[in-house]
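K.L.:
Sequence first, predicted model second:
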Amino acid sequence: MITVSVIIPAYNEEKTILTVLERVAEQKIDGIAFEVIVVDDGSKDRTAELVESRPELYSRFVRQPKNGGKGAAVRAGLAAATGDYVLFQDADLEYDPAGWHKLMIPILKFGADVVMGSRFVAPEYTRVYYFWHQIGNRLLTFIFNILNNTTFTDIYSCYLMFRRRLVVPGELRSDGWDQQAEILSLAVGRSRVYYEVPVSYHGRTYDEGKKIKAYHALGVITMILAARFRAK
């Protein structure tokens, strides 16, 4: 049995957090056990209260004393994780846990070290979203592939899964949006078997709560360059 620690960072997600946790609880995959870790990043709404009202939906609940950003929440989740693998799940319903079974195939069949969910590899559906977000994502992915000699198509999908031993929480330098690039760079640099699988995407608009902005790309590029040489 392989254990996957699912880390769910949440900040002011009272509208969706319980729906996400209920969908997570529905996932049953032969050979896989899930450890569900919810991290409340100092929410100012009822997110923490709602999570605490349904303890049967998760394995561990971490409450950050103040809002430190998604990266800080991820770091706290990694510190609490005990599984063989780590998988990130956003709390906003842009990604549906019903697609997890695809992510598990490369692990169960091929012993993959890293599995990336891609919105650009024949997904069942993808909500049409911001043009410049797609261009920015493709640019970041292109730079990552050049430096790491890989062929990923979507390095900023939420669905990144990797062997937990590949990334030590204390070594992470970023708590910002560039942290995913840091984690992926370290995991890829320390492993040999990587896969991508298609995942569906129901993106939010800024009015609906989307938080990432174009200027975050500059930090991501810098991190890709810096982390590439720290991975060994």
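P.N.:
That came through, no problem. Everything quoted here is computed from the prediction, not taken from an experiment.
K.L.:
Helices of the protein, start to end?
P.N.:
The residue ranges that make up the helices of the chain, judged by DSSP state H, are 17-25, 47-52, 70-80, 100-110, 131-148, 179-189, 216-228.
K.L.:
Can you lay out these as TSV showing distance to residue 59?
P.N.:
C-beta coordinates here come from the backbone N, C-alpha and C atoms, glycine included. Formatted as TSV, the entries for these read as follows, by distance: least, C-beta to C-beta, whole Å:
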stretch	distance to residue 59
helix 17-25	11
helix 47-52	12
helix 70-80	9
helix 100-110	16
helix 131-148	31
helix 179-189	21
helix 216-228	29
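K.L.:
closest to residue 124 out of the ones you listed?
P.N.:
Comparing the helices of the chain against residue 124 with C-beta to C-beta, the closest turns out to be helix 100-110 (9.9 Å).
K.L.:
Can you show me the CA trace of the closest one as PDB?
P.N.:
Backbone C-alpha positions of helix 100-110 (Å, rounded to 0.1, in the frame of the first residue of the first chain) are rendered in PDB as follows:
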ATOM      1  CA  TRP A 100      -6.600  11.700  -9.100                       C
ATOM      2  CA  HIS A 101      -6.800   8.200 -10.500                       C
ATOM      3  CA  LYS A 102      -4.900   9.400 -13.600                       C
ATOM      4  CA  LEU A 103      -2.100  10.800 -11.400                       C
ATOM      5  CA  MET A 104      -1.700   7.400  -9.600                       C
ATOM      6  CA  ILE A 105      -1.200   5.400 -12.800                       C
ATOM      7  CA  PRO A 106       2.500   6.200 -13.300                       C
ATOM      8  CA  ILE A 107       3.200   5.500  -9.600                       C
ATOM      9  CA  LEU A 108       1.400   2.100  -9.600                       C
ATOM     10  CA  LYS A 109       2.600   1.000 -13.000                       C
ATOM     11  CA  PHE A 110       6.100   2.500 -13.400                       C
END
